[in-house]
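[1] Fold the following, please.
(chains A, B, C and D)
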Number of protein chains: 2
Amino acid sequence: MNDEKKISMAVIRRLPRYFRYLSDLIKLDIKRISSKELSERMGITASQIRQDLNCFGGFGQQGYGYNVEYLYEEISRILGIDKRFNCIIIGAGNMGNALANYENFKRRGFDITGIFDIDKRKIGSSINGIRILDINDLDDFVAKNQVDIAILTVPINKVNDVTGKITSLGIRAIWNFSPSDLRLGGDTIVENVHLSDSLMVLGYRLREKVIEKDIDKENE
Amino acid sequence: MNDEKKISMAVIRRLPRYFRYLSDLIKLDIKRISSKELSERMGITASQIRQDLNCFGGFGQQGYGYNVEYLYEEISRILGIDKRFNCIIIGAGNMGNALANYENFKRRGFDITGIFDIDKRKIGSSINGIRILDINDLDDFVAKNQVDIAILTVPINKVNDVTGKITSLGIRAIWNFSPSDLRLGGDTIVENVHLSDSLMVLGYRLREKVIEKDIDKENE
DNA sequence: TAGATTGTTAATCGATTAACAATC
DNA sequence: TAGATTGTTAATCGATTAACAATC
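    The predicted model follows:
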């Protein structure tokens, strides 16, 4: 009975933004908002906002706009903020450590239930109250605990091994911080976070701007 | 003499990926590659690869394909890997700490030259050999040192103040890790890295898949 | 009711893919 | 030369924007 129209990735990736802006509006004690006002705040068109929201249902009211609280709750529901996911971090390096300490995730429904590493010196200690376990005990851990998401913060040379292990254990979602594109067959979902890529794009754009300015100067 | 055609963001954001795949090919000692072969490795179409590359010039040769080394060098040049940027980190928390320790950035031309915080207990200590300085000394630091990029890892309630300060000091590029969309007027460039957004999208997709599977089961 | 603003269809724009002549 | 594969133009696809009837 799959009568849902397929929602495009472009729309899905905007959902957390709507969520953030609506949180802000609630904090500002704003009760209603039109797509026009929201579009000005967010820097996108009102048309796009109405199109996006109507992928999921008609949350507004003609002549009135959107009730902020209601829309916030609908977006939360769509994003599944109420549902909880158990996450494990593989790789207790600097990034793994930073993520384990990031309290925002818990607020959004993501609990870190375990951290795994290969380094005997780290195993047994804790980060933010979460025990660092031996990667060799991962099988055992997964057998005893529901694990929804694996957060990958291992060096690139370990990625393939770890990915193989994770998927063979039946974990079907990976949040990947290693600088490699995980494109797994089957039904494993991957979100790649490529920090270096993002920084390189910033560098590219910055240099472009400098070049532009130089050209402007020449033409003066 | 601005005869460059405007390159779309979609293309620019793929450049670091090309760069990564070409690095891999060099490591594998592969000397030449056709757009077809590369497309299979990268999971995009050969057509797109040829279109993308031809935004910057004709790097291939009919009947032969692309010389890996040469293409790698051209992409490096386009991305400005040879150029260096001085970066400062604002916010010596967990994320700031992780980024300061990330050796990859230096390899790609980004040097962390200073870390700033407001916390007296942190000021004076070092991360990865870089001194943590008082945020109040930022003006002074920027006056004495060229700063190209500010990396923002401060809590959200500090973002506006810090952003104001950064831009008033003439820093024109911000790599923003705080969960707020910096959309600055003028000619300041911003790359937003919204980790929570990325995780929420993963959560959304994971739940969607679970729902799909349940539907499949019902239909069995 | 009149004014405002949605939900939705149609038009536009841009990005991706296909096709093929050029050429190595 | 014949085969291969690019560079590039044209076709398609999808996403964004505009328009407006529906309706609160």
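[2] who's in contact with A:Gly124?
    Contact analysis of A:Gly124 by C-beta atoms under 8 Å, 6 or more residues apart in numbering or on different chains lists A:131-132. Where you see a C-beta, it was placed from the backbone N, CA and C, and this is true even at glycine.
[3] Kindly recompute the last result at 7 Å.
    Shown in contact with A:Gly124 (C-beta atoms under 7 Å, 6 or more residues apart in numbering or on different chains): A:Ile132.
[4] Return stretch A:105-120 as CSV; C-alpha atoms alone will do.
    Coordinates of the C-alpha atoms in stretch A:105-120 are reproduced here as CSV (Å, rounded to 0.1, in the frame of the first residue of the first chain):
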residue,chain,number,x,y,z
PHE,A,105,22.8,14.6,19.4
LYS,A,106,21.1,13.2,22.5
ARG,A,107,18.6,16.1,22.4
ARG,A,108,17.7,15.1,18.8
GLY,A,109,17.1,11.4,19.7
PHE,A,110,20.6,9.9,19.1
ASP,A,111,22.1,8.1,22.1
ILE,A,112,25.8,7.0,22.0
THR,A,113,25.7,3.6,23.7
GLY,A,114,29.3,2.5,23.0
ILE,A,115,32.7,3.6,21.7
PHE,A,116,35.1,1.1,20.1
ASP,A,117,38.8,1.3,19.4
ILE,A,118,41.7,-0.9,18.6
ASP,A,119,44.2,0.9,20.9
LYS,A,120,44.7,-1.0,24.2
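[5] how far does that stretch sit from the chain's center?
    15 Å (C-alpha atoms, centre = their mean, to the nearest Å).
[6] If we go by neighbour counts, what in that stretch is buried?
    Within stretch A:105-120, the residues scored as buried using 16 or more other C-beta atoms under 10 Å in any protein chain shown are A:105, A:108-110, A:112-118.
[7] tell me the SS of the residue positioned nearest the centre of chain A?
    Central residue of chain A (C-alpha atoms, centre = their mean): A:Glu191, 7.5 Å from the mean position. Under DSSP: H, G, I helix; E, B strand; the rest coil, A:Glu191 falls in the strand class.
[8] ok so, going back, just the buried residues of stretch A:105-120: which are in helices?
    In this view, those that belong to helices under DSSP state H are A:Phe105.
[9] just checking: which of the buried residues of stretch A:105-120 also lie near chain B?
    A:105, A:108-110 (C-beta under 7 Å from any C-beta of the partner chain).
[10] biggest separation within these, which pair?
    A:Phe105 and A:Gly109 (8.2 Å; C-beta to C-beta).
[11] Which other helices and strands does the helix or strand containing A:Arg131 contact?
    A:Arg131 is part of strand A:130-134, with elements assigned from DSSP states H and E. Judged by 3 or more C-beta pairs under 7 Å, 6 or more residues apart in numbering or on different chains; DSSP states H and E, strand A:130-134 is in contact with strand A:110-117.
[12] quick one: the strand it packs on to strand A:130-134, angle?
    40 degrees (axes from the mean of the first three to the mean of the last three C-alpha atoms, to 10 degrees).
[13] Now do the contacts for A:Arg172.
    A:187-189.
[14] could those residues go into a markdown table alongside neighbour count and distance to chain B?
    Shown next, in a markdown table, are the contacts of A:Arg172 (neighbours: other C-beta atoms under 10 Å in any protein chain shown; distance: C-beta to the nearest C-beta, whole Å):
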| residue | neighbour count | distance to chain B |
| --- | --- | --- |
| A:Asp187 | 11 | 6 |
| A:Thr188 | 18 | 9 |
| A:Ile189 | 18 | 5 |
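[15] Who does the residue nearest to the centre of chain A form a beta bridge with?
    Bridge pairing for A:Glu191 (DSSP bridges) gives the partners A:Trp175.
[16] What pLDDT is listed against it?
    A:Glu191 is assigned 97 on the pLDDT scale.
[17] Can you name the residues that contact it?
    Residues near A:Glu191 by C-beta under 7 Å, 6+ apart: A:175-176, B:198, B:201-202.
[18] All the helices of chain A, in order from the start?
    Under DSSP H, chain A gives helices at A:9-27, A:35-42, A:46-54, A:68-79, A:94-100, A:103-107, A:138-144, A:159-168, A:195-219.
[19] what's the most buried one of these?
    helix A:94-100 (a mean of 24; mean count of other C-beta atoms under 10 Å in any protein chain shown).
[20] re earlier: distance to B:Glu208 and mean pLDDT added to the helices of chain A, as CSV?
    Below are the helices of chain A laid out as CSV (distance: least, C-beta to C-beta, whole Å; pLDDT from 0 to 100):
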stretch, distance to B:Glu208, mean pLDDT
helix A:9-27, 9, 98
helix A:35-42, 24, 97
helix A:46-54, 16, 98
helix A:68-79, 10, 97
helix A:94-100, 23, 97
helix A:103-107, 20, 91
helix A:138-144, 23, 97
helix A:159-168, 19, 95
helix A:195-219, 25, 89
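[21] among those helices, which is nearest B:Arg20?
    Closest to B:Arg20 of the helices of chain A is helix A:195-219 (C-beta to C-beta; 7.8 Å).
[22] does DNA strand C sit close to the closest one?
    No. Using C-beta under 7 Å from any atom of the strand, helix A:195-219 never reaches DNA strand C; the gap is at least 14.5 Å.
[23] so what secondary structure elements neighbour that helix?
    helix B:9-27, helix B:103-107, strand B:173-176, strand B:189-192.
[24] which residues sit against the second one?
    By that I understand helix B:103-107. A:179, A:196, A:199.
[25] for the residues you listed, which one is nearest DNA strand D?
    A:Leu199 (23.6 Å; C-beta to the nearest atom of the strand).
[26] Please name the residues that touch A:Leu182.
    With C-beta under 7 Å, 6+ apart, A:Leu182 has these contacts: A:163, A:174, A:176, A:190, A:192.
[27] quick one: pLDDT of it?
    So A:Leu182 comes in at 89 (pLDDT).
[28] Could you report the separation of it from A:Lys122?
    Per C-beta to C-beta, to the nearest Å, A:Leu182 is found 24 Å from A:Lys122.
[29] that older thread, looking at the helices and strands packed on helix A:195-219, which is closest to B:Tyr72?
    helix B:9-27 (4.1 Å).
[30] That closest one packs against which elements?
    helix A:195-219, helix B:35-42, helix B:68-79.
[31] okay, these in TSV with distance to B:Arg50 next?
    Shown next, in TSV, are the helices and strands packed on helix B:9-27 (distance: least, C-beta to C-beta, whole Å):
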stretch	distance to B:Arg50
helix A:195-219	20
helix B:35-42	5
helix B:68-79	12
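[32] which residues sit in contact with the residue lying closest to A:Lys36 once chain neighbours are set aside?
    What sits nearest to A:Lys36 in space, not counting adjacent residues and going by C-beta to C-beta, 6 or more residues apart in numbering or on different chains, is A:Ala46, at 4.7 Å. Residues near A:Ala46 by C-beta under 7 Å, 6+ apart: A:35-36, A:39.
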